[in-house]
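Q: Model the following, please.
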Amino acid sequence: MASRETVTIQRNVYDTLLVIPDMSRLEGVLSGRGGPSLKIWFTTDERHLPVKIETRIAVGSFVFELVSATF
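A: Numbers count the residues shown, from 1 in each chain. Purely as a prediction, here's the structure:
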């Protein structure tokens, strides 16, 4: 599944594509309430930077946000 979203991180606004991969095959490995989930927001520009990642596994959840990028 994919959809377009605007993401704001530390006053920076990104036009992104939200990708939610199918994690159903990992349910036995990473099972938890509602099963595992992963969401990744990539910029829509030519760099396709992952600016945000959210994941839920059996022991909790994590949110990763891009702090800086150097090219």
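Q: so where do the strands sit in this structure?
A: For the chain, the strands defined by DSSP state E cover 2-9, 12-19, 37-43, 50-57, 60-65.
Q: looking at those, which is closest to residue 71?
A: Closest approach to residue 71 among these is made by strand 37-43 (12.7 Å; Cβ to Cβ). C-beta: built from backbone N, CA, C; applies to glycine.
Q: Which residue, other than its chain neighbours, is closest to residue 62?
A: The shortest distance from residue 62 to any non-neighbouring residue, by Cβ to Cβ, 6 or more residues apart in numbering, is to residue 55 (5.2 Å).
Q: Okay, and the beta partners of the one you found?
A: For residue 55, the beta-bridge partners under DSSP bridges are residue 38, residue 62.
Q: Compare the strands of the chain and give me the one nearest residue 25.
A: strand 37-43 (12.3 Å).
Q: If you count neighbours, what's buried in stretch 63-71?
A: residue 66 (16 or more other Cβ atoms under 10 Å).
Q: Need the pLDDT of residue 34.
A: On pLDDT, residue 34 comes in at 63.
Q: Repeat that for the one 3 residues further on.
A: The model reports residue 37 with a pLDDT of 81.
Q: Number of residues surrounding the residue nearest to it when sequence neighbours are not counted?
A: Spatial nearest neighbour of residue 37, excluding adjacent residues (Cβ to Cβ, 6+ apart): residue 56 at 4.6 Å. By other Cβ atoms under 10 Å, 18 other residues sit near residue 56.
Q: From residue 48, how far off is residue 56?
A: Applying Cβ to Cβ, to the nearest Å, the value for residue 56 to residue 48 is 24 Å.
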